[in-house]
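Chemist: From the sequence below, what's the structure:
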Amino acid sequence: MEIVRSQRKASAAAAAAYDVVPTTLPLPLYRSAPTLEVRLEDFELFALDRLRVLKSVSDGLSRGKKPDEMEELVFDLWKENMRHPLTSEVVNKDVISHFVLRLVYCRTEELRKWFLSMETTLFRYRFRLQNAEVQRALMAEFDLPYKAVSNAEYEGLKDKLSQVARSMPQSLSSADAIFYKVPFEEVPELVATRRVFIQKGHAYVAMNQVVSLVVTQFRSHLSKALVLTNRKWTSTIREQEKDRLTPIVEALSTSYLGPDYSQPRECAEISLKDIDQVAKTSFPLCMRHLFEKLREDHHLKHGGRMQLGLFLKGVGLKLDDALAFWKAEFSRKVGAERFDKEYAYGIRHNYGKEGKRTDYTPYSCQKVISSTPGVGDHHGCPYRHFSEENLRAALGKMGVGSRAMEDVMDKVRNRHYQLACTLTFEAIHNSSCDAGINHPNQYFSDSQKILESKKSIIFLFQYVFLQKNPTP
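Modeler: Numbers count the residues shown, from 1 in each chain. Below you'll find the model as predicted:
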């Protein structure tokens, strides 16, 4: 795969490089990189679209969605994110985006583990969405050394196979009545859930369960490929592409994929007189903690000032109010003169009024989580950086009940920090947040919408009540 700045050229050799023919096998196996040129813009955009799919799959798994729900989720995600104006380019986008992210996520053991898990899950449910003919063709592509059970052997085991089939949620169709005889250790998932009949060391796998066989092969191949890609990346690609692809590759794994919060959303604006009340009702824990520490200590280190300052800018605090807000606090510790000399410039800089006049963007959850606060710092993600005792205390102060708190702590222990924040949001607002929390400013915006809707309902009831019961 060659990256170019000119328009991408399609070629007949490209389809062959995908190991599949798009018209008959819409699910590529990603065995070798495509031999075609890719525009630099597509290199990044295709990868971001696929990354949205993978991260949503990760969220679905973390929320404990059932297989049927995951299948529906994958279908919707793929349809929404992996479209292309040209139908003939859909498979190209699929393959290109996979290999770009393979390069992105090969670089550390943690990245490889996440990518392997998410791509395997994505492949599993995309395979399930194919018809039986395509599934059998994909099995043939893997060249699996398994043969279908003969009619004579099937008749001898028919009763036992039917007994296993009756214990499964879905009944066997005529197509699924084809069974494959495989070593039982190659389908541990099916053995663990008792979805196969085992005899003399072999498992009898129905066609509708054959996904486990294929997924095992897919995962094994991708795992080895990621290690090889990492060797190529560290030995040659990173240095050769240091001025072009390397910056993109290194940034993609921490990319924020949601809306831009560099400007206040929808006419949003907060004033100094409202800021304390709004902080209690609509600030996420990471920002509420910084806000309270600022009020308590009248000072924050650089990391805390950046994280809270850009957040406040994004929720609608005007520059003049921001200067007044920070000065009122810092002056109590360092004096007004020192504040004007050492700190006011940084605030104006965040608003694009100094230096390069850059319009700085509020930190996303990914950036907050990946920060490394030191001694005396208060920035970062409380779900990641707080001790369990301190986190429980902070959540209790926010009004999270004991049952919801245990759910939050369970997500924290499994390092699902954004999902823990989402559960906190849902517990406090008594409202679902299916999209999940991906940005502190999204938390604020969604919170304000819910609170405003509740105010509207209260006003409506008061209006109706007063109309029916006028004051004497």
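Chemist: which residues touch the residue most central in space within the chain?
Modeler: With distances taken as Cα atoms, centre = their mean, residue 55 lies nearest the centre of the chain, 2.5 Å away. By Cβ atoms under 8 Å, 6 or more residues apart in numbering, the residues touching residue 55 are 118, 257. All C-beta spots, glycine's among them, are computed from the backbone N, C-alpha and C.
Chemist: same thing but 7 Å
Modeler: Residues near residue 55 by Cβ atoms under 7 Å, 6 or more residues apart in numbering: residue 257.
Chemist: What of the one 3 residues further on?
Modeler: If a contact means Cβ under 7 Å, 6+ apart, then residue 58 has residue 118 as its contacts.
Chemist: Doesn't it belong to a strand?
Modeler: No - under DSSP: H, G, I helix; E, B strand; the rest coil, residue 58 sits outside any strand and is assigned helix.
Chemist: For residue 90, see how far away it is.
Modeler: Going from residue 58 to residue 90 by Cβ to Cβ, to the nearest Å gives 23 Å.
Chemist: again with residue 355
Modeler: Per Cβ to Cβ, residue 355 is found 44 Å from residue 90.
Chemist: The two: which is more packed in?
Modeler: Using other Cβ atoms under 10 Å as the criterion, residue 355 and residue 90 rank with residue 90 on top: 15 against 10.
Chemist: so how far is residue 78 from the more buried one?
Modeler: 10 Å.
Chemist: Then residue 235?
Modeler: 34 Å.
Chemist: All the strands of the stretch 1-150 of the chain, in order from the start?
Modeler: Ranges of strands in the stretch 1-150 of the chain, per DSSP state E, counting those that start in this stretch, are 2-4, 37-39.
Chemist: what comes into contact with stretch 324-336?
Modeler: With Cβ under 7 Å, 6+ apart, stretch 324-336 has contacts from 272, 294-295, 298-299, 317, 339, 343, 347.
Chemist: List the ones among these that fall in strands.
Modeler: Per DSSP state E, strands hold no members of those.
Chemist: Of those, just say which sits nearest to residue 427.
Modeler: residue 295 (24.3 Å; Cβ to Cβ).
Chemist: Please name the residues that touch that closest one.
Modeler: residue 329 are the contacts of residue 295 under Cβ under 7 Å, 6+ apart.
Chemist: Residue 34: how many residues sit nearby?
Modeler: Residue 34, neighbours per other Cβ under 10 Å, totals 24.
Chemist: Report the separation between it and residue 115.
Modeler: 19 Å.
Chemist: what about stretch 59-76, average pLDDT?
Modeler: The average of the pLDDT scores along stretch 59-76 is 91.
Chemist: buried residues in stretch 196-207?
Modeler: 196-197, 202-207 (16 or more other Cβ atoms under 10 Å).
Chemist: so residue 161 touches residue 196, yeah?
Modeler: No - with contacts counted by Cβ atoms under 7 Å, residue 161 stays clear of residue 196, the gap being 9.2 Å.
Chemist: joint contacts of those two?
Modeler: residue 204.
Chemist: one step back: how much space is there between the residue nearest to the centre of the chain and residue 141?
Modeler: As for residue 55, its distance to residue 141 is 28 Å (criterion: Cβ to Cβ).
Chemist: weakest of the strands of the stretch 1-150 of the chain by average pLDDT?
Modeler: Minimum mean pLDDT among the strands of the stretch 1-150 of the chain: strand 2-4, a mean of 60.
Chemist: CA atoms of the helix or strand containing residue 337 as CSV?
Modeler: Residue 337 belongs to helix 336-342 when assigned by DSSP states H and E. In CSV, the C-alpha atoms belonging to helix 336-342 read as follows (Å, rounded to 0.1, in the frame of the first residue of the first chain):
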residue,chain,number,x,y,z
ALA,A,336,-3.2,40.6,42.0
GLU,A,337,0.1,42.0,40.6
ARG,A,338,1.8,38.6,40.3
PHE,A,339,-1.3,37.2,38.7
ASP,A,340,-1.3,39.9,36.0
LYS,A,341,2.4,39.2,35.3
GLU,A,342,2.5,35.4,35.4
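Chemist: Just the mean pLDDT for it, thanks.
Modeler: 95.
Chemist: Same check on stretch 160-175?
Modeler: Mean predicted lDDT for stretch 160-175 stands at 66.
Chemist: ok, now stretch 257-274?
Modeler: Across stretch 257-274, the per-residue pLDDT values average to 74.
Chemist: start to end distance for that stretch?
Modeler: Taking Cα to Cα, to the nearest Å, stretch 257-274 runs 30 Å from one end to the other.
Chemist: And the contacts of stretch 324-336, which of them are buried?
Modeler: For the contacts of stretch 324-336, buried by 16+ other Cβ under 10 Å: 294, 299, 317, 339, 343, 347.
Chemist: Considering those, which is situated nearest to residue 374?
Modeler: Checking the buried ones among the contacts of stretch 324-336 against residue 374 by Cβ to Cβ gives residue 299 as the nearest, at 15.2 Å.
Chemist: Could you find the closest non-adjacent residue to that closest one?
Modeler: Closest residue to residue 299 apart from its sequence neighbours, by Cβ to Cβ, 6 or more residues apart in numbering: residue 333 at 5.0 Å.
Chemist: how close does that neighbour sit to residue 422?
Modeler: Distance from residue 333 to residue 422, by Cβ to Cβ: 35 Å.
Chemist: Could you grab the helix/strand/coil label for residue 355?
Modeler: From three-state DSSP, the assignment for residue 355 is coil.
Chemist: so the nearest residue to it once chain neighbours are set aside is in which element?
Modeler: Of all residues not flanking residue 355 in the chain, residue 349 sits nearest, at 5.3 Å (Cβ to Cβ, 6+ apart). Assigned by DSSP H and E, residue 349 belongs to helix 344-350.
Chemist: Quick check: buried residues in that helix?
Modeler: 344, 347, 349-350.
Chemist: same deal with stretch 327-340?
Modeler: In stretch 327-340, counting by 16+ other Cβ under 10 Å, buried: 327, 329-331, 339.
Chemist: same thing with stretch 134-154?
Modeler: Those would be 134-139, 141-142, 144, 146, 149, for stretch 134-154 by 16+ other Cβ under 10 Å.
Chemist: still on that earlier bit, next one: whichever strand or helix holds the residue nearest to residue 299 to chain centre, how far?
Modeler: Secondary structure from DSSP H and E places residue 333 in helix 319-334. Chain-centre distance of helix 319-334: 36 Å, with Cα atoms, centre = their mean, to the nearest Å.
Chemist: before we move on, the earlier item: ok, so of the buried residues of stretch 196-207, who is nearest residue 383?
Modeler: Nearest member of those to residue 383, counting by Cβ to Cβ, is residue 196, at 39.7 Å.
Chemist: Mind pulling up the pLDDT for residue 250?
Modeler: Residue-level pLDDT assigned to residue 250 equals 89.
Chemist: next one: residue 433
Modeler: So, for residue 433, pLDDT stands at 89.
Chemist: doesn't residue 427 make contact with it?
Modeler: No - the pair residue 433 / residue 427 is not scored as a contact, 10.4 Å apart, by Cβ under 7 Å.
Chemist: Run through the helices of the stretch 251-400 of the chain in chain order.
Modeler: 275-282, 285-297, 302-314, 319-334, 336-342, 344-350, 365-370, 382-385, 388-398 (DSSP state H, counting those that start in this stretch).
Chemist: now the ones you listed as a markdown table including distance to residue 50?
Modeler: What follows is the helices of the stretch 251-400 of the chain, written out as a markdown table (distance: least, Cβ to Cβ, whole Å):
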| stretch | distance to residue 50 |
| --- | --- |
| helix 275-282 | 33 |
| helix 285-297 | 28 |
| helix 302-314 | 27 |
| helix 319-334 | 38 |
| helix 336-342 | 45 |
| helix 344-350 | 32 |
| helix 365-370 | 17 |
| helix 382-385 | 26 |
| helix 388-398 | 33 |
